[in-house]
Structures are given as structure tokens and as C-alpha cells.
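Undergrad: Give the three-dimensional model of this entry:
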Amino acid sequence: FRYSELTEVQQQLIRETLITWLQAQMLNPQSEKTFIRNKAAQVFALLFVTEYLTKWPKFFFDILSVVDLNPRGVDMYLRILMAVDAELVDRDVVHTSEASYYCALTFEARRNTLLKDTMREQCIPSLVESWYQILQNYQYNNSELTCQCLEVVGAYVSWIDLSLIANERFINMLLGHMSVEVLREEACDCLFEIVNKGMDPIDKTKLVESLCQVLQSAGLFSIDQEDDVDFLARFSKLVNGMGQALITSWTKLIKSGDMKSAQDTLQAIEAKVALMLQLLIHEDDDISSNIIGFCYDYLHILKQLSALSDQQKANVEAIMLAVMKKLTYDEEYNFENEGEDEAMFVEYRKQLKLLLDRLAQVSPELLLASVRRVFNTTLQNWQTTRFMEVEVAIRLLYMLAEALPVSHGAHFSGDVTKATALQDMMRTLVTSGVSAYQHTSVTLEFFETVVRYEKFFAVEPQHIPTVLMAFLDHRGLRHTSPKVRSRTAYLFSRFVKSLNKQMNPFIEDVLNRIQDLMELSPPENGYQALLSSDDQLFIYETAGVLIVNSEYSAERKQVLMRNLLTPLMEKFKVLLEKLMMAQDEDRQMALADCLNHAVGFASRTSKAFSNKQTVKQCGCSEVYLDCLQTFLPALSCPLQKEVLRSGVRTFLHRMIICLEEEVLPFIPSASEHMLKDCEAKDLQEFIPLINQITAKFKTQVSPFLQQMFMPLLHAIFEVLLLPAEENDQSAALEKQMLRRSYFAFLQTVTGSGMSEVIANQGAENVERVLFTVIQGAVDYPDPIAQKTCFIILSKLVELWGGKDGPVGFADFVYKHIVPACFLAPLKQTFDLADAQTVLALSECAVTLKTIHLKR
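TA: Okay, here's the model as predicted:
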């Protein structure tokens, strides 16, 4: 039932029951469990939202009169206040669609604004007074209630009159709490919320400065003497808030033209930089992370100044050194089994990277010089230097590429000073031997950096063999760490592609060296391959790129490509025979996976080609046609159909691009096999292949489409009509995706000028297809499908709406398509906020109007 449907008497009874329950809490010898108290507070808050404006204006006064200063009563009172704030400020609106979300959001936002306005007028001063009394009463004898109350003050200060809190008696009490160990963390958070509150810039500067003076005189700025990292993390957040508040004030004052006050505020900001640096460099990353916002905004100020003072330059250098130090890994970082702590450090590093980018905007010359100094000093003695220092030195070079951006990676031209510095560092990197450092982080950073600065090898190509060997030996693809091998496989592919023609002298040597890494590993081998099948994909792609981009003759390229693909084809035939005879299901799965990998590897080599022309120029058409003939028999295998079909389907997609019409003779047989015993997912993945063929070849495939149109539709309808359990969300989603694919197929056929394929299916079948499109446009709560259906209808009306259209289509337009244009928007599920769906509907309506006028 809904609360609003209750009678006045019933509603009054609920109010009285809650107050009675609250009174009982103060008399019970034992407190209720915490979760019950929280739930009760939530109920009070929901009732407040419903009744405060109309039937219960004395909500808070009634509660205060009951609880007085009783500890249990105060506990419930504070929990209710937090629950009310959650309803008014933190409420997440539950919605079923984008449109309903905005409606609900607008209603709740208006209601909450009205509630807060009414509270400000009627009860906020009394509530604030009650908080002061609670803090005064319990600050020395009940830290739990005091902390709860501080949390309430912090929550409410964002939307009540700040003068009620930011006054002498409250601030003095909060500052007093900063010296009490059990209270200071909550007091910190409370002061942060006060500082964070929007106010006049001059008043904000005065408030922050007065807080800072008291905090400093209390010894809280002496960071090195504080051991409590939890408190320091909160304190760092407070300092960050004060710093950012001052910067906001400075920005406002500059905009208003009050240069005198702006200068005073800038001096106040500069006075906090030493404290900011202490917190930034702190060994605890949480403490450091909490101050980064202030640091970032401070650098933004410096960027806007016409010239920097000596002190400001020193500050920039100090921030730079702090960032470089904090980028360094801890000894405890677990590279082999990265967990939550490691993930947090990775995120922290991203924050530091943003600081480094901002430093580059303030003083690019200083950043470049600092990185160069650290890099050269470290790389000179890398053999005796700890791994984390070596890693961060290379990492800094890597990060310079984004901190000092150029177009198209042209780091080694243009600005001579910068180009020379980067070239010197890259030369040092590749000639120092640091790639042999025995730590995965250093190894990975080396490879990441040489790939990022691939343009260096155009300037100094003599270093290519050195780097290639690092990729190919125990430092890279044959490293003991699977993580390094995997990442290197990807980076090696990128490196080879970027060098293009510069790889010519090394092609055959590289192909020979990677040959063993490309071996297909059948399940009976019993040994662990160096690379996973996913990693091998990159190696096959690399091999394809090397062959295709080489300066060899077409005959030589054909030989090399055949040498690459023949072992795959031979293994495929053997494994397919073994699969046909396999009895054990696990063995069947292993063999099918291996067959799928073989097809995938062959597919991947074709990525080196952009179209049929490039395949012909390399003389490789024949070898790919051989692959097709080798792989297609897998479609008739009755075992592990899903896996085998998936691989062959992907290969056909690639061959349509690489071989174009040469593929067409294989399509009918392949399609016939793929439509046998298929499930929703099979069909869903098969339809894009037919769409690709239809869109590319159009009338060339008209006979094929005519022949397979209804078999495909029958297969789709059969799956869609299968009964499914009501709560089976997975099955429902599969059907929804299949329905979308079906409509996408019809859209491709009509949009490719092939509507006669539908028209030639016989009147009964045509009508059935048209009814499914009407159904999709009106009945299914799926905006994507609806949009597609209206596009189909619009196209069909355009093509068939004249006198030459199929018999009976004109009647269908007036009986079904025209009503659909009116019925669809009236459905609750129609998403008026989805512009594309509305546009498709509008276009359909316009087309109908045009055809009508023509008649």
C-alpha cells in the first residue's frame, strides 16, 4: 500500500507509534542493535519527507522534546538527522528510463528544495543550538556521540546559513576538538565542510587565515612530529580544502578586478605551500594523495602569472622533486600478484602524472632538465641501483612524451633543445644495457618507452638491431615472466608496424626467430607454450606485416606467406580428424579450441592487408583461398559447433575484405551449415556476416539472398518463439539481441536497394515480415529496435508506396504503418528522450505524408 492511501487516523497512529518507540529507547536497559537504529532513522526520515510540509511541521521539535539530552535519545536524534540529510542531499533517484529519471529527478529536486527552505525558516537555528548543546555536554565524556554530532554539523553546513556555524563559539569548540585524539578526525572533516562552503571571497580568505593561525599555534603544522597517519590523512584533506578555497577566492577576486585583495589572498596561498609540500612528500600515499588537488590548482595559478618569483620557481622545483620521489614503487609492491593496495598505488600514480603534466605547462624547460638529470644519473649506475629507482627514471622519460606533447609523435624535430635532450636519453636507454635489468617493472618500462618513442629509430636506425634482439630473446618474448612475455608480444607488434620499411634488412631473420613462438599447441603436447593463444595472435599479425610491408617481389611474399600458413592448414586437417573421432568431451573442447586458434591465427595475418588490391599485389589470394577450403569443412563437424563456427565466421568476415567476390562461391554452403541446429547466439553472430555480404556486393548476391532469406527468417522465428522461464534474464537478453540483429538485417536489405528480395518471398511471407516490423516499432520496449523498425518502414514506404509497389501494400500502410506512428509514442515504454528514435519516427511520418500527397 501507499502511505498517501491511508486514512488520517492511520497516519496519526504511525506518527504516535514512532514517538512512542523513541521514548521506549531511553527506558530500555539495553540499546537496540545499530542496524535497527539506522533503519528506524530511515523510517523517521521518510515520514519527515512525506509529512513535514503539511501535517507534521513540528517534526524536529517533537523529537527534541522527547530525547532532551538523554544519550540514547541523542544517538537516535543524530541518526535521524543524518537520514534526513541523505534524503534531501544524497538521494539516488531510482528510474526505469531516461525520461522517467529526469521527471523523478525534477520532482524530487523541487520537493527537497522546498523542504530545505522551510527548515531554514522554521527550525535550523534551533537544530544548530541543539548541536552546540550536545557538543558542549558530551565532548569530554562521550566521544562517540560527539563524533556523531560533528558528522551531522559537517553534513548540514553545506546547505544552511554558514554564520550559524562559522562563528566564534562553534569554531573555538571545533578547534579545541582538534587537540583531542578521539575527536580530531571528525573535527577535521567538519572544518573541511565549513571551509568548503561557498561564501564571499574576502570573508573566505579571512576565515581560512584565522583557522590556519589557530591550527599552527596548536602545533598541528609540525607534520614530522605526528605519527597518526589516519589523522594526518584527514588533516591533509583539510589543508587541501583550505588551499583550494583560497585559490577559488583569488580567482573570483581577479575576475572582479580587486587586485589588492587578490594579492593578499595570493600571499596567503604562498604561505601554505611549505605545509603542502610536507604533506605531498609524506611517505603515506593517502596523506600525499589528499593534497594533490591544492598542488594542482596552485600550479594552475603559477601558469597564469606573467613571471615567477624566485620563491615560486623554487616551489615548482620542490613539487617536481616530490612528484619524482612519490612515483617510486615501494619495496612491498607485489608485481606478480597485484591486489587492492597495488591498484590504489596505480591510481595514485595517475594523479601524480596529472601533476607532472601541469608542471610541464608551468615550466617545460625545468621539467626536461630535471628528468634528464635524474635519468642520466640513474642509468650511469643502473647495475648497482635499486629496481624502483631505475624503473622511475625510465618512467619519467616515458611520461615526458605526454607532458611535452607534439603532433604525430615528432619528438625529435622542431625545438632543438628538447629534441636533443630526448634523443640523448633514448640513445642512453638503448645502449646502456638496462634492458637486461633483472626486474619485470624495469623490463616492461624499457619496452613501453622504446615503442612510445618509435620515431627515434628513424633518426638513429643503427639501434634497431639492439632493440629487436631485446624483444626476441630472454628479455622480451622469452622472459621467465608470463606477464612480460604477454605485454612484449603486443608491444613488439606495435614496434614492427611503426618501423615499416626500416625493418627490411631484418625480416627473414626475425621470421626465423619467431617461428617456434607461432607453433600451434595441440592438447596432447603436454607442455606449456611460452605464449598464450591471445599473445600468439600478435606474433602472427607481426609476421603478416613483415611479409606484406617488405620490399620483396610478389613471388617471394607469396612463398613466405605460404610458409607461414601451410603449417596451420596441415595441423588443422589433422586436428579436425581427431575431433571427429574424440569421445571424451574435455578432449573435444581442447581440440576445438586448438582448431579455433588455427583459424584465428590465419585471420590475424590478413590484418596486414587493407583490401583485395593489396592481397593481389602480394600474390597471396591463392593461399587464403586454400585456407578457406581447409577451414570450411569444420562447419559440418557435429561436435563443438559453437566454437568452430565462431572461428570460421570471423575468417569469412576478413576474407570478404581481402578477397571480395572470390569468396562468394563459398558463402551458400557455409551459410547452409551455419543455419543448421543453431541457437540465438549463433544466429545473432551469423547475421552481421550476411549484412556485410549484402551491403558490399548488393545485387551480386541477390540470387543467394532470395534463396536463403526465408530459411534464415524461419531459424530466427523458431528461436524467438521458444518458451523461456519468466525469470531467465539471460535468455530474455539473448532474444532481445537476436531481435535487434533480425531488424538490422532487414534494414541492410532495404537500405542496399534489395527490397525485391523481400517482395519476391510470396504475399503471405511478406505480410508476416511486415507485421514483425510493426510489432518491433510499437510493442517491444527496446528503443534501439524501435528506431531500426521505423527506419525500415520509412524505406519501404519510400520504395513501395507508389503505384508500382507490391499488391496490398497501400492498404497495409493505412491499416498498420500510419497507426503505428501514433501508437508507438503513446506507449509507456517509448523513450521520448531518445532523439534518434523520435527522429526515425518523424522521418517515417514525413515519408508517409509525401507519398500521400503524391497520390
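
Undergrad: can you count the residues close to Tyr814?
TA: When neighbours are defined as other CB atoms under 10 Å, Tyr814 has 11 of them. Just so you know, the C-beta spots here come from the backbone N, C-alpha and C atoms, and that holds for glycine as well.

Undergrad: Centre-most residue in this structure?
TA: With distances taken as CA atoms, centre = their mean, Glu347 lies nearest the centre of the chain, 13.5 Å away.

Undergrad: What helix or strand is that residue located in?
TA: Applying DSSP states H and E as the criterion places Glu347 in helix 340-362.

Undergrad: Quick one: mean pLDDT over that helix.
TA: The pLDDT scores in helix 340-362 average 96.

Undergrad: The helix or strand following it to helix 340-362, inter-axis angle?
TA: Counting by DSSP H and E, the element after helix 340-362 in chain order, helix or strand, is helix 364-380. Computed by axes from the mean of the first three to the mean of the last three CA atoms, to 10 degrees, the angle separating helix 364-380 from helix 340-362 equals 130 degrees.

Undergrad: so how far is the strand or helix carrying Asn172 from its chain's centroid?
TA: Asn172 belongs to helix 168-177 when elements are defined using DSSP H and E. Between the centre of helix 168-177 and the centre of its chain there are 43 Å (CA atoms, centre = their mean, to the nearest Å).

Undergrad: Now do it: everything it contacts.
TA: Here helix 168-177 makes contact (CB atoms under 8 Å, 6 or more residues apart in numbering) with 132, 135-136, 139, 146, 150, 153, 164, 183-184, 186-187, 190-191, 194, 210-211, 214-215, 218.

Undergrad: how about that helix as CSV, C-alpha atoms only?
TA: Only the C-alpha atoms of helix 168-177 are listed here, as CSV (Å, rounded to 0.1, in the frame of the first residue of the first chain):
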residue,chain,number,x,y,z
GLU,A,168,33.4,32.3,17.4
ARG,A,169,31.8,29.8,19.8
PHE,A,170,31.5,27.0,17.3
ILE,A,171,34.9,27.4,15.7
ASN,A,172,36.6,27.7,19.1
MET,A,173,34.9,24.5,20.2
LEU,A,174,35.9,22.7,16.9
LEU,A,175,39.5,23.9,17.2
GLY,A,176,39.5,22.6,20.7
HIS,A,177,38.5,19.2,19.5
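
Undergrad: what's downstream of it, the next helix or strand?
TA: Next along the chain from helix 168-177, counting by DSSP H and E, comes helix 184-196.

Undergrad: name the helices or strands packed onto that following helix?
TA: Packing contacts for helix 184-196, counted by 3 or more CB pairs under 8 Å, 6 or more residues apart in numbering; DSSP states H and E, involve helix 143-156, helix 168-177, helix 201-217, helix 229-256.

Undergrad: between these, which gets nearest to Leu683?
TA: The minimum distance between Leu683 and the helices and strands packed on helix 184-196 falls on helix 143-156, with 53.6 Å, by CB to CB.

Undergrad: Pop the domain breakdown of this protein in here.
TA: For the chain, the structural domains run 1-197, 527-677, going by the TED database.

Undergrad: mean pLDDT lowest for which of those?
TA: In terms of mean pLDDT, the lowest-scoring of these is domain 1-197 (a mean of 88).

Undergrad: quick one, strands of this protein?
TA: For the chain, no strands are identified by DSSP state E.

Undergrad: Can you report how many residues lie near the closest residue to Leu253 other than its chain neighbours?
TA: Leaving aside its chain neighbours, Leu253 sits nearest to Ala262 (3.9 Å; criterion: CB to CB, 6 or more residues apart in numbering). Residues near Ala262, counting by other CB under 10 Å, number 20.

Undergrad: residues contacting Ala262?
TA: With contacts taken as CB under 8 Å, 6+ apart, Ala262 has the following neighbours: 250, 253-254.

Undergrad: returning to that earlier point: could I get the helices and strands packed on helix 184-196 as JSON lines with distance to Glu570 and mean neighbour count?
TA: Formatted as JSON lines, the helices and strands packed on helix 184-196 follow (distance: least, CB to CB, whole Å; neighbours: other CB atoms under 10 Å):
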{"stretch": "helix 143-156", "distance to Glu570": "71", "mean neighbour count": "21"}
{"stretch": "helix 168-177", "distance to Glu570": "79", "mean neighbour count": "16"}
{"stretch": "helix 201-217", "distance to Glu570": "76", "mean neighbour count": "17"}
{"stretch": "helix 229-256", "distance to Glu570": "63", "mean neighbour count": "21"}
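
Undergrad: out of those, which comes closest to Trp382?
TA: Using CB to CB as the measure, helix 229-256 is the one of the helices and strands packed on helix 184-196 that comes nearest Trp382, at 32.8 Å.

Undergrad: What is that closest one packed up against?
TA: Helix 229-256 packs on helix 184-196, helix 201-217, helix 259-280, helix 285-289, helix 292-304, going by 3+ CB pairs under 8 Å, 6+ apart.

Undergrad: Could I get the average pLDDT for the third one?
TA: Think helix 259-280. Averaged across helix 259-280, the pLDDT comes to 96.

Undergrad: buried stuff in it?
TA: 261-262, 264-266, 268-270, 272-273, 275-280 (16 or more other CB atoms under 10 Å).

Undergrad: Surely Leu299 touches Leu356?
TA: No. Using CB atoms under 8 Å, Leu299 is not in contact with Leu356; the gap is 10.2 Å.

Undergrad: and Thr385, what does it touch?
TA: Per CB under 8 Å, 6+ apart, neighbours of Thr385: Thr378.

Undergrad: would TSV of the helices and strands packed on helix 184-196 with distance to Phe790 be doable?
TA: Converted to TSV, these look like this (distance: least, CB to CB, whole Å):
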stretch	distance to Phe790
helix 143-156	48
helix 168-177	61
helix 201-217	54
helix 229-256	49
